[in-house]
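Participant: Following is a predicted model, sequence given first.
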Amino acid sequence: MSAHGIVAEAALPRRNILGVPVVALPWNLAIETMRAMIAEQRFALVTWLNAHNANLAQDNVEFHQALERFLVLPDGIGVDIASKLLHGSAFPANLNGTDFIPALLTAETRGLRVGLVGARTEVVEKAAASFRSLAPQHEFRVVSDGFFSAADEPGVLEVLRAYRPHILLVAMGVPRQELFMASHLTGDHCTLAFGVGALFDFRAGVVPRAPLLVQKFRFEWLYRLVQEPERLWRRYIVGNPAFLLRVVRARLRGET
């Protein structure tokens, strides 16, 4: 146990979803665990598992191996269904990053350094402005957009090393963001690094979030599909049934 009474990350309860250990914590305890890790400067990489990412991890060995370095949080109804089938109950909370990161930022009253990497320049700048309005106690700094090349990586890492944010938000898409984080980030660059996917697009207003009622009934994925059918049809129309089939096969094989 830490000085804050929070379970150390190695002892966090986890449930195996298609070979990926996913943290199973109630919402408030998950928030407080992250706050304790920041306070104690315990470096960690954090990302989320949803049906789409689970499919990618099955098909991409490098991505699957990278996830072994992460604290993986549950995101969405798909992994809840998988947890029910494989472990007998849904996850204690849907810790999706679109809601979890803003909640963490507002819960932490001490002023933190928060770095942003990813998206287009105008999007990440708008996202930073949105976060400043949400949680003005923190300093938000745009480190880089998400379109840097391999030759640019040393420069980005040097900026991170000099700034060393308490929280680093990396929005470069899955699996690129996780591969970058696993390959390059250490405690010299930040304390907690989160792979946040489309979060900057939501905060910047580039991609609208589903209405609250749609979120409540957990059909946000369907709302996104309607908004961007050409980009997302394969992820949801093909990917969701493929994920559920994989889960059923895992259940039949007794994999838990």
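Facilitator: Okay, I see it.
Participant: how about the helices in the stretch 151-256 of the chain?
Facilitator: 153-163, 176-184, 199-204, 212-216, 220-227, 229-233, 239-252 (DSSP state H, counting those that start in this stretch).
Participant: Let me fix that, I meant to ask about the stretch 1-150 of the chain.
Facilitator: 27-39, 51-59, 61-67, 77-87, 97-107, 121-134.
Participant: Out of these, flag the one nearest Gly239.
Facilitator: helix 51-59 (5.3 Å; C-beta to C-beta). C-beta: built from backbone N, CA, C; applies to glycine.
Participant: Flag every buried residue along the closest one.
Facilitator: 51-58 (16 or more other C-beta atoms under 10 Å).
Participant: And stretch 85-95, by the same measure?
Facilitator: 86-87, 90-95.
Participant: Nearest to Leu169 among these?
Facilitator: Leu95 (15.3 Å).
Participant: The closest one is in contact with Leu25, isn't it?
Facilitator: Yes. Leu95 is within contact range of Leu25, at 7.4 Å (criterion: C-beta atoms under 8 Å).
Participant: would you turn the helices of the stretch 1-150 of the chain into CSV with distance to Glu230 and mean pLDDT?
Facilitator: Conversion of the helices of the stretch 1-150 of the chain to CSV gives the following (distance: least, C-beta to C-beta, whole Å; pLDDT from 0 to 100):
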stretch, distance to Glu230, mean pLDDT
helix 27-39, 34, 97
helix 51-59, 16, 97
helix 61-67, 24, 98
helix 77-87, 22, 97
helix 97-107, 22, 98
helix 121-134, 20, 98
